[in-house]
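Undergrad: Fold the following for me, if possible:
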Amino acid sequence: ASGYLSVMESLREVPGMHVSQVSARTWAISARFYNSVYANKQQVLVDGVEAYSPVFSGVHWDLVDLPLEILERVEVVRGPGATLWGSNAVNGVINILTEEAADLQGGQITLGAGNELDRYVSFRYGDQFDGGHYYVWANNRAMDSNFLPSYGNAYDGFERSIAGFRVDIGQLEGHKLTFSGRIQESDFSIFSDNPRQFPASISQDPVYRIGNSSGAQLLARYSTVEDLQLSWQLLFSYDLVDQNNAMGFEHFTDTSSIDWRGQLDAGSRHKIELGFRLQNHSFESESTMLTDLSFTPSLPVVELVPELSFTKFDAYLQDEFILIPEKLTLLSGAKLEDNYFTGFEFQPAARLAWTVSPSQFVWASVSNAVATPSLFQHNYRYTLSYMDLGALQGSPTGVYDPISWQGSPGSLDVENLIAYETGWRTLVTPGT
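TA: Model prediction:
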């Protein structure tokens with residue numbers, strides 16, 4: 001046992017992953033480079049379903065932090081993975097996979113506490129029924145605020161409760177049906193006495209604010225066995241998120257998705273993968289006034305388009321071609337995507353792998369991946385600070401005007417990466 005209590009902590013063990021805990025609740029996680037809280041180049045999935053937020057094209061890690069007691073594994077792919085997983089899979093892909101219901105039978109309770117961990121309580125119970133298996137689970141975690149040497153109490157503590165289920169039905173020969181879902185609620189505080197954003201001259205000594213987030217996810221998957229000539233799966237998912245960032249901005253998003261993926265055995269030398277996905281995002285936002293600022297009129301810190309609905313479609317094809325059996329393999333494919341912000345994007349990739357010997361492996365690849373703009377970049381205004389503009393000319397007026405940073409609707413393009421990679425892998429000590 002590792003002793004870790006979160007998915008984020010466990011990722012510290014993966015070579016090449018950059019994992020930083022910014023606050024008791026907030027994390028910055030990415031592979032290779034461009035890591036920040038708002039990193040938009042690391043694709044994250046839960047049981048194959050995208051977890052990124054279209055609001056800022058990143059991940060709310062508190063919403064995907066499932067208890068480790070129900071996870072089968074966490075897959076990490078370093079490097080571009082756009083051909084299979086689409087836009088924003090620039091630095092890599094993290095796929096969080098839950099255990100099958102048949103493997104989590106019986107009950108388990110996990111308890112934990114520490115000097116920063118107020119409490120950790122996790123419960124799961126699994127059983128079987130005629131034709132299938134199921135398990136239910138629940139988790140509650142509360143973290144104390146961090147301590148900042150320059151300020152003292154960081155006021156960033158949080159508490160989160162989450163519960164869910166999974167049902168696997170396999171009574172039909174050669175087929176499997178899975179239902180899963182979860183619901184969660186979290187409350188958190190943030191330290192808002194930021195001199196840059198809230199000058200002391202116009203502040204009524206704000207200390208901290210209370211925010212909250214909640215969400216619900218449902219998944220239904222129908223899949224065939226993998227040893228058929230054509231094996232495939234059809235996945236329906238629905239994701240609901242309500243996020244109040246405690247700084248004058250609340251957003252509500254719901255995402256529905258249908259995803260079909262297939263594997264075709266096309267002879268002894270070809271293995272073809274193909275699929276398509278259709279997503280619909282609905283977004284609503286509300287900017288609230290910050291009442292603890294003494295100037296008039298009070299302005300929102302963040303303003304965004306109040307309501308928006310848009311769709312995204314993508315399709316991919318990939319072929320694994322065995323050039324020389326057990327020696328040389330060519331993997332090539334491409335994904336075509338149509339998104340709301342930039343329209344059609346084409347993301348191809350090719351990889352050549354050479355098995356030099358049973359203990360040596362050489363590969364080279366070239367790939368194209370894109371990171372699409374977010375709603376924040378597309379249409380928003382963020383108030384950075386407030387300033388008496390008259391004071392710049394030597395005549396203070398006592399009126400503070402907002403200094404804002406605005407998005408650029410209609411003028412944004414994708415961030416485009418063309419990656420050339422090569423590697424050599426060897427087994428130093430033969431296994432027993």
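Undergrad: Surely Pro138 and Ile162 touch.
TA: Rather than Pro, residue 138 is Ala. Yes: counting by C-beta atoms under 8 Å, Ile162 is a contact partner of Ala138 at 7.2 Å. C-beta here means a position set from N, CA and C on the backbone, and glycine is covered the same way.
Undergrad: quick one, which of these two is more surrounded?
TA: Ile162 (21 against 17; other C-beta atoms under 10 Å).
Undergrad: Give me the pLDDT for the more buried one.
TA: Looking at Ile162, its pLDDT is 95.
Undergrad: Show me what Ala285 is bridged to.
TA: No, residue 285 isn't Ala; it's Ser. Beta bridges link Ser285 to His251, judged by DSSP bridges.
Undergrad: number of nearby residues for it?
TA: Neighbour number of Ser285 under other C-beta under 10 Å is 20.
Undergrad: For the stretch 301-432 of the chain, which segments count as helices?
TA: 375-378 (DSSP state H, counting those that start in this stretch).
Undergrad: low-scoring stretches of it, by residue?
TA: 301-305, 381-385, 405, 409-410, 430-432 (pLDDT under 70).
Undergrad: those helices in the stretch 101-250 of the chain, which residues are they?
TA: Under DSSP H, counting those that start in this stretch, the stretch 101-250 of the chain gives no helices.
Undergrad: Just confirm Asn379 contacts Gly407, I think it does.
TA: Yes: the pair Asn379 / Gly407 is scored as a contact, 5.1 Å apart, by C-beta under 8 Å.
Undergrad: dump the residue contacts of Leu148.
TA: Counting by C-beta atoms under 8 Å, 6 or more residues apart in numbering, Leu148 touches Ala154.
Undergrad: where's it relative to Asp156, distance?
TA: 9 Å (C-beta to C-beta, to the nearest Å).
Undergrad: Name the residues of the helix or strand hosting Arg261 that come out as buried.
TA: Per DSSP states H and E, Arg261 falls inside strand 249-265. By neighbour count on 16 or more other C-beta atoms under 10 Å, the buried set for strand 249-265 is 249-257, 259, 261, 263-264.
Undergrad: With stretch 275-288 instead?
TA: For stretch 275-288, by 16+ other C-beta under 10 Å, it's 275-277, 279, 281, 283-285, 287.
Undergrad: what's the answer for stretch 349-359, then?
TA: Buried residues in stretch 349-359 (16+ other C-beta under 10 Å): 349, 351-353.
Undergrad: Return the subset of these lying in strands.
TA: Taking DSSP state E as the definition of strands, these contribute 349, 351-353.
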